[in-house]
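>>> build me a structure from this.
(one chain, ligands or ions: 2)
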Amino acid sequence: MMRVKFWGVRGSIPCPGGHTAKYGGNTSCIEIRFDDVGRQIIIDAGSGLRELGNFMMGHDLPKGPISTSIYLSHTHWDHIMGFPFFTPIYLPSTRIEVFGPVSHESDTLETIVGGQMTYRYFPVRQAELAATISYANLKEGRFDLGDGITLTTKYLNHPILCLGYRFEYQGKVFCTAYDTEPYQNLFCTDSDSTEYDEGMALEGEVVAREQNEALESFVAGADLLVYDAQYTQGEYIPGKVGWGHSSMEFAIAVARRRQVKRLALFHHEPVRTDGEFDELAAIYAQTGDGDGPEIFFAREGGEIIL
Ligand SMILES: [Zn+2]
Ligand SMILES: [Zn+2]
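Ligands and ions are numbered 1, 2, ... in the order given. Below is the predicted model of the structure:
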């Protein structure tokens, strides 16, 4: 059994306050517990990681030293900003493995994540951390994590290298695909333009379709899929194309096409209020009793057992 818990569900920047208390204001952080084998995996170190760390201090530390793995989808700030506030890094007994993609090989994960901890930005330097922390650059592939846990990684469509994660354990599949947007034809498709080349335009269509199909295959059949849904389609089309995020409509269409059992709409727009979510939920959420997936907006503190 996998227990998946949301500690941060927002995109871009934390947005605490009375108008976000119900769905939560922290940025991306998801915890998976594999209770049968005593393992914990954390996806992303957004501001939600702070609360998770505090919970682990009270819940896990009394049972023994903390040992965990953090898989970063990518290194944009909203996905790493919680790391300096993750209390277990200050304990000598803690062991942490950090995995994630880097866009330039010369820029190591340790420099990017640990680089937040210089006196310029923060009172404690990375070199002063008591815990044993290792960093490993992660690429696309399939990995045996031991204890019967398998991980498949897939590059997403975002301005920097970004990975989706597909965990398989005891016949269940938990999958993440956010910060990502639908692949588009990168060539000019306007036949009146001087840049138009019919061959290139057609080739661009084929490539975009193949990339979208590959991403859909990656999430296919998931028991729980956490997918980027920062915008409504009405918000996405007029001004957000190319920003690296998807619409709720697109996320739902993918989940329906690929027989996903539960879809958590995720990486919420920071300006979205609880009231607006409730209104959107009346349109987009569904119970999953009939045909198609259960669909809901991810909420901080929400827990799902697979
Ligand atoms: Zn993000
Ligand atoms: Zn991003």
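
>>> OK, contacts around whichever residue of the stretch 151-300 of the chain sits closest to ligand 1?
Across the stretch 151-300 of the chain, no residue is closer to ligand 1 than D179, which sits at 4.4 Å (Cβ to the ion). The way it works is simple: take the backbone N, C-alpha and C, and place the C-beta from them, glycine included. Shown in contact with D179 (Cβ atoms under 8 Å, 6 or more residues apart in numbering): G11, S73, H74, H76, H79, L156, H158, C162, D228, G244, H245, H267.

>>> one more time with 10 Å
11-12, 28, 44, 73-74, 76, 78-79, 156-160, 162, 164, 228, 230, 243-246, 266-267 (Cβ atoms under 10 Å, 6 or more residues apart in numbering).

>>> all strands of this structure, in order?
Shown for the chain, the strands assigned by DSSP state E span residues 3-8, 29-34, 39-43, 67-71, 95-100, 132-137, 141-144, 150-155, 163-169, 172-177, 224-228, 262-266, 294-297, 303-305.

>>> now tabulate those in TSV and tack on mean pLDDT, mean neighbour count and distance to F122.
Formatted as TSV, these follow (pLDDT from 0 to 100; neighbours: other Cβ atoms under 10 Å; distance: least, Cβ to Cβ, whole Å):
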stretch	mean pLDDT	mean neighbour count	distance to F122
strand 3-8	98	23	19
strand 29-34	98	22	19
strand 39-43	98	22	20
strand 67-71	98	20	18
strand 95-100	98	20	17
strand 132-137	96	15	15
strand 141-144	98	10	32
strand 150-155	98	18	29
strand 163-169	98	23	26
strand 172-177	98	23	28
strand 224-228	98	27	29
strand 262-266	98	26	28
strand 294-297	98	20	32
strand 303-305	98	14	31
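
>>> okay, these in CSV with distance to ligand 1 next?
As requested, these are arranged in CSV below (distance: least, Cβ to the ion, whole Å):
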stretch, distance to ligand 1
strand 3-8, 10
strand 29-34, 11
strand 39-43, 12
strand 67-71, 15
strand 95-100, 13
strand 132-137, 19
strand 141-144, 23
strand 150-155, 15
strand 163-169, 13
strand 172-177, 12
strand 224-228, 8
strand 262-266, 10
strand 294-297, 16
strand 303-305, 21
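
>>> got JSON lines for those, with distance to I112 too?
Shown next, in JSON lines, are the strands of the chain (distance: least, Cβ to Cβ, whole Å):
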{"stretch": "strand 3-8", "distance to I112": "19"}
{"stretch": "strand 29-34", "distance to I112": "17"}
{"stretch": "strand 39-43", "distance to I112": "17"}
{"stretch": "strand 67-71", "distance to I112": "13"}
{"stretch": "strand 95-100", "distance to I112": "8"}
{"stretch": "strand 132-137", "distance to I112": "9"}
{"stretch": "strand 141-144", "distance to I112": "20"}
{"stretch": "strand 150-155", "distance to I112": "17"}
{"stretch": "strand 163-169", "distance to I112": "14"}
{"stretch": "strand 172-177", "distance to I112": "20"}
{"stretch": "strand 224-228", "distance to I112": "21"}
{"stretch": "strand 262-266", "distance to I112": "23"}
{"stretch": "strand 294-297", "distance to I112": "30"}
{"stretch": "strand 303-305", "distance to I112": "30"}
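
>>> surely L156 is in contact with R166?
No - L156 is beyond contact range of R166, at 11.9 Å (criterion: Cβ atoms under 10 Å).

>>> who touches both of the two?
Common contacts of L156 and R166, defined by Cβ under 10 Å, 6+ apart, comprise T176, A177, F218.

>>> are any of the contacts of D179 buried, and which?
Burial by neighbour count, judged by 16 or more other Cβ atoms under 10 Å, picks out 11-12, 28, 44, 73-74, 76, 78-79, 156-158, 162, 164, 228, 230, 244-246, 266-267 from the contacts of D179.

>>> spell out which parts of the protein neighbour ligand 1.
By Cβ under 5 Å from the ion, the residues of the chain that approach ligand 1 are G11, D78, D179.

>>> and of these, the nearest to V37?
The closest of those to V37 turns out to be D179 (Cβ to Cβ; 29.7 Å).

>>> circling back to that earlier point, now the residue of the stretch 151-300 of the chain closest to ligand 1: closest residue in space that isn't a chain neighbour?
H158 (4.7 Å; Cβ to Cβ, 6 or more residues apart in numbering).
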